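Trainee: Got a predicted structure here, sequence first:
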Amino acid sequence: MANSKTMILVRPRGGQPYPDPTKSTYPWASLIKEQFETQGWRVCDLGENLAVTTQVESTLQTVDSTVFVFYGHGSEDCMEGQTGEPLVHLGNVNLLKNKIVYVVGCWTAKVLGKTAERFVRCYCGYDNEIILRLDNFYLQKTGECVNAGLLEMLAGGTIEQARQRIVAEYNYWIDHFTIGDGNVGLLSVQFAADLRHNRDALRLFGDTTAKFPTG
């Protein structure tokens with residue numbers, strides 16, 4: 001396994017046929033990129049028009065990296081690129097060999113994640129849709145939930161501790177918007193239900209003790 005502190009970040013934005021959600025997840029990835037770089041990581045940022053199959057495959061084959069992070073659309077058997085094409089899929093998932101894989105995208109843990117388990121160090125993702133409300137305040141809270149795991153690992157935690165941190169973040173905001181001060185009416189309760197749905201779709205495969213390299 002590679003020892004370098006190098007992360008490959010793939011993040012489509014505004015590609016067809018689903019422009020709006022990726023415009024929201026793209027800045028979440030920017031926050032993560034900043035945190036990695038602050039801690040001395042090299043980030044290979046494949047954003048927007050670089051989030052295409054040929055570029056991603058080439059990068060996976062040539063860049064010595066320990067971590068692969070994806071923010072974007074997905075289906076049960078693939079992560080989708082800038083134009084909606086299969087980006088990482090069942091035919092090339094072996095390129096993720098020995099990597100810590102963290103996916104913020106709908107459905108990918110359903111089939112792709114389970115298949116990836118044969119190759120990767122670990123795979124953290126969602127086996128259902130991730131519900132987003134296109135309201136800036138609620139988007140911020142959802143972003144805090146999905147980003148929490150990577151922040152936990154940057155602080156030295158294992159991927160299992162990262163999963164627990166994500167769940168705890170979801171639980172905090174679920175309580176806030178149902179039994180806490182954030183319950184200001186039906187919309188906040190509905191948002192809490194969305195967070196609960198997202199939380200329950202989270203899955204982790206592989207080596208639960210995996211950690212980021214420190215040197």
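Mentor: Thanks, I have it.
Trainee: L134 and T22 touch, don't they?
Mentor: No - using CB atoms under 8 Å as the test, L134 is too far from T22 to be in contact (11.8 Å). C-betas here are computed from N, CA, C, even on glycine.
Trainee: Tell me which of those two has more neighbours.
Mentor: Comparing L134 with T22 by other CB atoms under 10 Å, the one with more neighbours is T22, at 22 against 10.
Trainee: The more buried one against G74, yeah?
Mentor: No - counting by CB under 8 Å, T22 stays clear of G74, with 11.1 Å between them.
Trainee: Next, count neighbours for L154.
Mentor: L154, neighbours per other CB under 10 Å, totals 16.
Trainee: so how far is Y71 from it?
Mentor: Going from L154 to Y71 by CB to CB, to the nearest Å gives 16 Å.
Trainee: Ok, S4 next?
Mentor: 22 Å.
Trainee: So between these two, which is more surrounded?
Mentor: Neighbour totals were compared for S4 and Y71, and Y71 leads with 29 against 14 (other CB under 10 Å).
Trainee: That one bridge partners, please.
Mentor: V104 (DSSP bridges).
Trainee: Just the pLDDT for it.
Mentor: pLDDT, Y71: 98.
Trainee: Kindly report the same for S4.
Mentor: 84.
Trainee: Helix, strand or coil: sort out it for me.
Mentor: coil (DSSP: H, G, I helix; E, B strand; the rest coil).
Trainee: Next up, the contacts around it.
Mentor: By CB atoms under 8 Å, 6 or more residues apart in numbering, the contact list for S4 reads R42, D64, S65, T66, P213.
Trainee: please redo it, this time with the cut-off set to 7 Å
Mentor: Contact partners of S4, counting by CB atoms under 7 Å, 6 or more residues apart in numbering, are D64, T66.
Trainee: Next, the buried residues of stretch 40-52.
Mentor: For stretch 40-52, burial by neighbour count (16 or more other CB atoms under 10 Å) applies to W41, V43, C44, D45, L46, G47, L50, A51, V52.
Trainee: wait, which of those residues is closest to T209?
Mentor: Nearest to T209 among those: W41, at 20.5 Å, using CB to CB.
Trainee: If anything else comes up later, I'll come back, but that's it for now.
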